[in-house]
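K.L.:
how would this look folded up:
(one chain, ligands or ions: 1)
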Amino acid sequence: MADEWSASILVIEDEPKYRRLIATNLVMAGYQAREVGDGYLALQELYQNEPDLILLDLRLPDMDGFTLCQRLRKLTTVPILVLTALDTEEALVQSLDLGADDYITKPFSASELTARIRALLRRSQPALTSNGTMPCGRVRLDAKTREMSSGDKTVRLTPTEWRLMREFVLHCGKVLPHEHLLGKVWGPGYQAEHEYLRVYVRRLRQHLEPDPHHPVYLVSHAGIGYALYPDPRGELGGRG
Ligand code: CA
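P.N.:
Here you go, the predicted model:
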């Protein structure tokens with residue numbers, strides 16, 4: 001279940017006391033919490049270590065919360081839960097339009113907050129099974145141990161392999177553009193470094209393909225990107 005999985009949550013809130021209180025509540029509920037006090041640090045943190053969910057206060061000192069919400073949404077697909085004292089309908093509609101997934105109006109209780117978080121995580125991790133693994137066909141990722149199983153083979157992935165593989169499994173069967181993968185795994189400064197991606201895709205194929213030289217699961221789409229398929233693609237002529 002999603003709530004058994006120790007998700008990492010990025011708390012973006014400028015008031016230190018309030019931020020601490022939220023982070024403490026999250027840790028008590030079993031999550032990992034990272035805290036930042038402004039928009040600039042939030043973006044930096046996102047580049048370095050993508051969280052599983054973002055809690056965003058709309059009133060920040062250096063950046064308009066709506067602008068930040070929009071920028072975060074361009075960089076990540078993880079759920080964004082907006083914290084707001086602005087309980088006007090207009091503000092809420094605007095934040096949802098800019099990519100927030102849900103909002104919670106201050107003041108709120110710890111149980112209300114964690115209930116919203118659980119619901120969002122459950123929605124964003126549809127592939128997570130009851131034993132905490134993410135499947136895509138015969139491939140399974142274990143979020144707790146960072147291991148990948150494929151057929152009867154299990155390997156522990158390096159942090160970079162994990163981030164890349166997680167992206168594939170979360171978008172099982174979909175073609176992910178090179179730039180998207182590079183931005184997600186290495187950061188926005190690396191979107192032209194196609195060789196990094198080639199090297200890591202080759203490593204993942206060693207782990208998961210029956211014949212790494214003729215990949216049928218982790219398939220390249222020339223000039224576009226890669227996709228991880230739940231079933232072998234040989235018969236569809238999709239290899240390359
Ligand atoms: Ca604030």
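K.L.:
quick check: can you list the domain ranges of this protein?
P.N.:
4-124, 133-228 (automatic domain parsing).
K.L.:
do you know which of these lies nearest the ion?
P.N.:
domain 4-124 (3.9 Å; CB to the ion). Glycine gets a C-beta too; all of them are placed from N, C-alpha and C.
K.L.:
this protein: helices as residue ranges?
P.N.:
16-28, 39-48, 65-75, 89-97, 110-124, 159-170, 178-185, 194-208 (DSSP state H).
K.L.:
returning to what we had before: can you put the domains of the chain in JSON lines and add distance to the ion, mean pLDDT and mean neighbour count?
P.N.:
What follows is the domains of the chain, written out as JSON lines (distance: least, CB to the ion, whole Å; pLDDT from 0 to 100; neighbours: other CB atoms under 10 Å):
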{"stretch": "domain 4-124", "distance to the ion": "4", "mean pLDDT": "87", "mean neighbour count": "17"}
{"stretch": "domain 133-228", "distance to the ion": "26", "mean pLDDT": "90", "mean neighbour count": "17"}
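K.L.:
one step back: possible to save the helices of the chain as TSV with distance to Tyr217?
P.N.:
TSV is the format used below for those (distance: least, CB to CB, whole Å):
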stretch	distance to Tyr217
helix 16-28	36
helix 39-48	29
helix 65-75	28
helix 89-97	36
helix 110-124	24
helix 159-170	9
helix 178-185	16
helix 194-208	6
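K.L.:
to Ile9, which of these lies closest?
P.N.:
helix 16-28 (5.5 Å; CB to CB).
K.L.:
show me what the closest one is packed up against.
P.N.:
When contacts are defined as 3 or more CB pairs under 8 Å, 6 or more residues apart in numbering; DSSP states H and E, helix 16-28 sits against strand 8-12, strand 32-36, helix 110-124.
K.L.:
hang on, the earlier thing: quick one, which of the helices of the chain gets closest to Arg138.
P.N.:
helix 194-208 (8.4 Å).
K.L.:
elements contacting the closest one?
P.N.:
Helices and strands touching helix 194-208, by 3+ CB pairs under 8 Å, 6+ apart, are strand 147-150, strand 153-156, helix 159-170, helix 178-185, strand 218-221.
K.L.:
swap in 10 Å and give it another go.
P.N.:
strand 139-142, strand 147-150, strand 153-156, helix 159-170, helix 178-185, strand 218-221, strand 225-228 (3 or more CB pairs under 10 Å, 6 or more residues apart in numbering; DSSP states H and E).
K.L.:
of all these, which lies closest to Thr105?
P.N.:
helix 159-170 (29.8 Å).
K.L.:
and the angle from that closest one to helix 194-208?
P.N.:
80 degrees (axes from the mean of the first three to the mean of the last three CA atoms, to 10 degrees).
K.L.:
what angle sits between helix 159-170 and helix 178-185?
P.N.:
120 degrees.
K.L.:
re earlier: could I get the helices and strands packed on helix 16-28 as a markdown table with distance to Ser150?
P.N.:
Converted to a markdown table, the helices and strands packed on helix 16-28 look like this (distance: least, CB to CB, whole Å):
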| stretch | distance to Ser150 |
| --- | --- |
| strand 8-12 | 25 |
| strand 32-36 | 27 |
| helix 110-124 | 24 |
